[in-house]
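pasting a predicted model and its sequence here:
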Amino acid sequence: MHTSGAHLLAMHQAMLKALGPSGWWPADSAFEVVVGAVLTQNTNWKNVEKALANLKAADLLTGPALLALPEEALAAHIQPAGYFRIKARRLHNLLAWLEARCAFDLEQLALTPLEVLRPDLLTVKGVGPETADSILLYALQQPTLVVDAYTARILHRHGLIPEDVTYEELREYCMDRLPQDVSLYNEFHALLVRVGHGHCKKRTPRCHGCALEAFL
DNA sequence: TGCCAGGCCGGGT
DNA sequence: ACCCGGCATGGC
C-alpha cells in the first residue's frame, strides 16, 4: 500500500543521502526569487542567471526600479532568458500586483495565510501554479509544495501516479503523503529537480544507469 | 545539430 | 474540461 507516504519520504531520504542538501532557492534575496521564478518558466537556469546578472549590473533588481522600467527595456535586459517579451509582460503584471498588494514588502506579504495568498497570486496573468508555488515556498516560506514535469516523470516511473496527472492532482498527491514542513518541501522539490537534471529521458518504467538509481 | 530547459496563455474543440 | 500552437535563448 502507498497510503502511508513511506515511498515519498524514503525517496526524499535516499536523494538527500546521495546528493546532499540543495541550499535552494539560488538567489541573494526573496525578491530575486520572485523574478527568477518567472524567468525560469520552461527555461534553462543558466539562461536565467544571465538575465539576472544583467538586471543586477544595471542596478534594477528592485520592485520600484523594475516596475518603472518600460516593458521594452525590461525585455532587452532579460533577453538571455528567452521568451523575453512575454516574460517582460508577466514580470510587469506580477510587479504591479506586488506593489498594490504589499508595496513590495515581501515579509509583510508572507503574513497572509496560504489559502488566501495562493488563489490571489494565481490571478496574475503569467503566474501559473508552479510559479506561484515557487514564490510562495522559496520567497515567502509558505507551506506549499512545488511540483513539476520532473516530479511527474519520476513518480510515474515508480508506478505511483498516472502519466497524465494534472499539476494540482500531483501537488495534492505529494502533500497528502509528506509531513507539512516548509524545510522538507523546499528540499524535496530541489532534490527532484537535481535528480531530473541528471536523468535520462528514456521512457522505461525504471531507468537504470542514471541518477534515479539513487533511490531504487 | 537538433532538442530541450525548474510554464503559461488564449483560442478552439 | 482538455488540446494545441506560440513564445526564444543558449547549452549539450
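Cool, the structure landed. Residues are numbered from 1 along each chain as shown, chains lettered A, B, ... in the order given.

list, one by one, the residues from chain A near DNA strand B.
With Cβ under 7 Å from any atom of the strand as the criterion, chain A comes near DNA strand B at residues A:24-26, A:36-37, A:40-45, A:47, A:82-83, A:86, A:124-132, A:134, A:138, A:148-150, A:167, A:193, A:196-197, A:201. All C-beta atoms are positioned from the backbone trio N, CA, C, and that covers glycine.

and A:Ala75, how many residues sit next to it?
20 (other Cβ atoms under 10 Å).

OK, contacts around it?
A:Ala75 is in contact with A:84-85, A:87-88, counting by Cβ atoms under 8 Å, 6 or more residues apart in numbering.

just the pLDDT for the closest residue to A:Leu95 other than its chain neighbours.
Spatially, and ignoring its direct neighbours in sequence, A:Leu95 is nearest to A:Leu67 (4.3 Å; Cβ to Cβ, 6 or more residues apart in numbering). Here, the pLDDT recorded for A:Leu67 equals 98.

A:Pro119 is in what secondary structure piece?
helix A:114-121 (DSSP states H and E).

using PDB, write out every CA atom in that helix.
Below are the C-alpha coordinates for helix A:114-121, written out as PDB (Å, rounded to 0.1, in the frame of the first residue of the first chain):
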ATOM      1  CA  LEU A 114      -1.600  30.400   2.200                       C
ATOM      2  CA  GLU A 115      -5.300  29.700   1.500                       C
ATOM      3  CA  VAL A 116      -5.800  33.300   0.700                       C
ATOM      4  CA  LEU A 117      -2.500  34.200  -0.900                       C
ATOM      5  CA  ARG A 118      -2.200  31.300  -3.400                       C
ATOM      6  CA  PRO A 119      -5.500  31.900  -5.200                       C
ATOM      7  CA  ASP A 120      -4.700  35.700  -5.200                       C
ATOM      8  CA  LEU A 121      -1.300  35.100  -6.700                       C
END
